[in-house]
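> need coordinates for the below:
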Amino acid sequence: ATGPYGHLYTPKPPEADQYSDFLIGRYATLTHQSELAAETAQRAYKKTPENSFLLERAVVSLLLAGKTKDAVDLAEFGLTKVTDIGTMTRLTIVAEEFRKKDYSEALFRLKNGEFDVFNRMVARSLSGWAAVGVGDPEAAKTYMIESLVGDNLFDGVNLFMLAFIYESTDQRQEALKTFQVVWKERMRLAVAAEQYARLLAATGDTKSAKAIVAQFRSDIGPSPGVDDLATRLDSGEVVTPMKVSPRKGAALGLFSIGSALASQTESELTTVYFQLALHIDPELDAVRSLLSQAHRRAERLDDAFN
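Purely as a prediction, here's the structure:
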C-alpha cells in the first residue's frame, strides 16, 4: 500500500519488537531502572527462547533487580531450550543446586561448562566447596589452588576459603598455617579474621587471637562479627571455630569475591554475586549491607531501600 506521498508501507518485521525490547532494556540498565530492564529483557528472550545471549541478559537483569527466584526459574527454563548457556545463567543454576545441597550436580555443572577468565576463577572456587559436599577434600584443595590467578586480592580471598575448607574437613593445622600466610600478606577479610582468631583461641593462643582482632579493627575498622568476638575474648569466654558447611562456604565465597570486586570497580557483577550468595544462604546478613551499598553506588536508590 502507498500513502498520500507515494511511500510504500511495509509490515513491521517480526524481529522488530524483540529488537525494541532489547534496546529499551539496555537503556533501562544504563539508567539504573532495574525493574524495567528485567521486564524488557525477559520479554525479548521469550520471543526467541533458543537465543543464549538474550537468556543471559534476562537472567542478569533479574538478578540486578533482586528477583533472584525469577532468575533461577528462567535459567532452568532456558536450560531446556538453549544448547549452550552463558556464564551467569550457569552460575545461577549452580547457586540453586548449592541451595538445595545438590553438590554432585553443582560440581558436574561447574566442571562441564565454559566460563570467561574471571568467572573461571569463581567456578573453581565454588567447585572446591562442591567437592567438600561430595566428600572429596583432596579435590577441594586442588580446585581452590586452581582458582589462583596471580591477583593478590582475589588469590587472598580464595586462599582464605581454602583455610575454611581445611577447618571444615578437620585439618586444623593446615587451616591455621594457611590463615597465617595470607594474613601476613596483609589481606583483611572480616569473616576470615573472625575464623582465624577463633581457631587461635581454640588452640589456647588467646593472646594471638586478640592480636588478630585488634589488627583487623585498626586496619579496617568496626565489623559486627569481629567486634562481638573481641568482647567475648576480653571476657574470657570460650570460643570455638565456625563449622562451615559446603552450602555456607559457597555463599561466603561468592560474597567475598563480590566484596573484593566492589573494592576495585563498580561492576554490576558485584550485585550479581551478592544476590547469588543470598540465594544460597539467606542468613548471610553481611551481604545485605554491602548489597545496599552496591545499589547506592549504582544509583539504584529504590532497590537500596528494599
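> count the neighbours of Gln275 for me.
Gln275 has 25 neighbours, counted by other CB atoms under 10 Å. No exception for glycine: its C-beta is placed from N, CA and C like everyone else's.
> is it within a helix or a strand, and which one?
With elements taken from DSSP states H and E, the one containing Gln275 is helix 269-280.
> what's that helix in contact with?
For helix 269-280, contacts defined as CB atoms under 8 Å, 6 or more residues apart in numbering pick out 60, 63-64, 66, 68-69, 71-72, 88, 91-92, 95-96, 98-99, 118, 122, 247-248, 250-252, 254-255, 257-258, 261-262, 284, 287-288, 290-291, 294-295, 298.
> how about 7 Å then?
60, 63-64, 66, 68, 88, 91-92, 95, 98-99, 247, 250-251, 254-255, 257-258, 261-262, 284, 287, 290-291, 294 (CB atoms under 7 Å, 6 or more residues apart in numbering).
> do stretch 84-99 as well
Residues outside stretch 84-99 that contact it (CB under 7 Å, 6+ apart) are 52, 55-56, 59-60, 71-72, 75-76, 78-79, 105-106, 109-110, 113, 115-116, 119, 122, 126, 247, 250, 272, 276, 279-280.
> pull out the buried positions in it.
Residues of stretch 84-99 classed as buried by neighbour count (16 or more other CB atoms under 10 Å): 85-99.
> three-state assignment of Ser104?
Look at Ser104: counting by DSSP: H, G, I helix; E, B strand; the rest coil, its state is helix.
> now do Glu50
Look at Glu50: counting by three-state DSSP, its state is coil.
> how close does it sit to Lys81?
5 Å (CB to CB, to the nearest Å).
> so which of the two has more stuff around it?
Lys81 (15 against 11).
> in space, what's closest to that one - neighbours in sequence excluded?
With CB to CB, 6 or more residues apart in numbering as the criterion, Lys81 has its nearest non-adjacent residue at 4.2 Å, and that residue is Pro49.
> please apply the same query to Met161.
Here the residue nearest Met161, using CB to CB, 6+ apart, is Gly253, at 5.1 Å.
> and the one you found, how many neighbours?
Around Gly253 there are 27 residues (other CB under 10 Å).
> quick check: it touching Leu162?
No - using CB atoms under 7 Å, Gly253 is not in contact with Leu162; the gap is 10.3 Å.
> what do these two both touch?
Counting by CB under 7 Å, 6+ apart, nothing touches both Gly253 and Leu162.
> hey, where'd the strands end up in the stretch 201-306 of the chain?
With DSSP state E, counting those that start in this stretch, there are no strands along the stretch 201-306 of the chain.
> low pLDDT regions in it?
For the stretch 201-306 of the chain, applying pLDDT under 70 flags the ranges 286-306.
> which helix or which strand is home to Glu39?
Here Glu39, judged by DSSP H and E, is contained in helix 34-47.
> moving C-terminal from that helix, which element do we reach first?
helix 52-64.
> buried set for that next one?
Buried-residue list, helix 52-64, by 16+ other CB under 10 Å: 52, 54-64.
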